[in-house]
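**Student:** Provided below for reference: sequence and predicted model.
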Amino acid sequence: MDPVQDEEDLCAAACATYGVLLAAHDRGLAGYWRTPGVLRTPAGPRRSGIPPDERFVALIHLGWPRQEKEPPGACSAGRRRYLPGLMSSLIVRERPAAGAPEGLLVLHHGRGTDEHDLLGLADVLDPQRRLHVVTPRAPLTLLDWPGYHWYRVPRVGYPDPETFQAAYRALAELHDELWERTGTGPEQTVLGGFSMGTVMSYALGLGADRPAPAGILALSGFVPTVEGWSPSWRAVRERGC
């Protein structure tokens, strides 16, 4: 067996899994990746009919999104707008390191999902559990959109300044708190994300008022153009990140 090919196959399977989730979201379905521990035991794949020379990678949960009750102040059906009352403090999931953390990995989910969406990547990216991994939930909900969002999108590439700045401040506070609590620092931290989460990773990683991280893991995103924020390339030149 070729360990390099095995690792590449695993990464390809993970990318394909997120492709399925993206396709489901595009069709109005809600979904997340959460694999029960039993499927990672020797008995789990055997009972599932998976050959012994193959590995179980992902169990995807899909369904139609359901909202228990309409948000207060919601507009009429068919229109989308920002609901000011629904900006909330951040909820996070955490996968601790096996021992004292050697670093911090913060993964910001994409548009319309939640803090569970990227948590499955923790063991893929850090199988030895050297890092403390955190996945925060975006603070914004929108009428007629499932899941959570970091900001409104009036035009792709140009986030709404008000909701963008609110998410930026909330994430800055979270990152500062995580560094203090875990005993790590920006120089030991990678900020990552998918889609809208990549935008926020770039924003916090390149913000002139923020410390430069060790790296940015950008999965299908862009450096935003938004009023009140501009990238600082000093950290990129100094660290080569």
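**Tutor:** Thanks, I have the structure now.
**Student:** hey, let's count contacts and neighbours off CA atoms from now on
**Tutor:** Fine.
**Student:** which residues of this protein score low on pLDDT?
**Tutor:** In the predicted model, the chain carries pLDDT under 70 at residues 1, 26-27, 65-89, 235-241.
**Student:** repeat that for 90
**Tutor:** Along the chain, segments meeting pLDDT under 90 span 1-90, 142-146, 156, 232-241.
**Student:** where exactly do the helices run in it?
**Tutor:** 3-26, 43-47, 121-125, 161-182, 196-206, 234-239 (DSSP state H).
**Student:** quick one: the fourth one to helix 196-206, angle?
**Tutor:** Direction vectors for helix 161-182 and helix 196-206, defined by axes from the mean of the first three to the mean of the last three Cα atoms, to 10 degrees, enclose an angle of 70 degrees.
**Student:** how distant is helix 161-182 from the center of its chain?
**Tutor:** Centroid displacement of helix 161-182 relative to its chain, using Cα atoms, centre = their mean, to the nearest Å, is 14 Å.
**Student:** So that it lines up with my notes, have the first residue be 52 from now on.
**Tutor:** Will do, 52 is the new start, and the previous item becomes helix 212-233.
**Student:** circling back to that earlier point, for residue 202, which of the helices of the chain is the nearest?
**Tutor:** Closest to residue 202 of the helices of the chain is helix 212-233 (Cα to Cα; 4.8 Å).
**Student:** domains in the protein, as residue ranges please.
**Tutor:** Here the domain parsing of the chain from automatic domain parsing is 52-117, 133-292.
**Student:** most packed of the ones you listed?
**Tutor:** domain 133-292 (a mean of 19; mean count of other Cα atoms under 10 Å).
**Student:** how much space between the nearest residue to residue 209 once chain neighbours are set aside and residue 212?
**Tutor:** Excluding the flanking residues, the one nearest residue 209 by Cα to Cα, 6 or more residues apart in numbering is residue 276, at 5.1 Å. Using Cα to Cα, to the nearest Å, residue 276 is found at 10 Å from residue 212.
**Student:** And residue 151, how far from residue 263?
**Tutor:** Using Cα to Cα, one gets 22 Å for the distance from residue 151 to residue 263.
**Student:** circling back to that earlier point, I'd like the helices of the chain as CSV, with distance to residue 109 appended.
**Tutor:** Listed next are those as CSV, based on distance: least, Cα to Cα, whole Å:
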stretch, distance to residue 109
helix 54-77, 7
helix 94-98, 12
helix 172-176, 10
helix 212-233, 28
helix 247-257, 21
helix 285-290, 35
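**Student:** Residue 189 is nearest to which of the ones you listed?
**Tutor:** For those, proximity to residue 189 was assessed by Cα to Cα; helix 212-233 is nearest, at 7.4 Å.
**Student:** by contact count, what packs against the closest one?
**Tutor:** Using 3 or more Cα pairs under 8 Å, 6 or more residues apart in numbering; DSSP states H and E, the elements in contact with helix 212-233 are helix 247-257.
**Student:** Run through who's touching the helix it packs on.
**Tutor:** Here helix 247-257 makes contact (Cα atoms under 8 Å, 6 or more residues apart in numbering) with 158-162, 200-201, 219, 222-223, 242-244, 261-264, 266-275, 282-284, 286.
**Student:** do that again at 7 Å, thanks
**Tutor:** Helix 247-257 is contacted by residues 159-162, 201, 219, 242-244, 261, 263-264, 267, 269-275, 282-284 when judged by Cα atoms under 7 Å, 6 or more residues apart in numbering.
**Student:** Run the chain-centre distance for that helix.
**Tutor:** Centroid separation between helix 247-257 and its chain, computed with Cα atoms, centre = their mean, is 11 Å.
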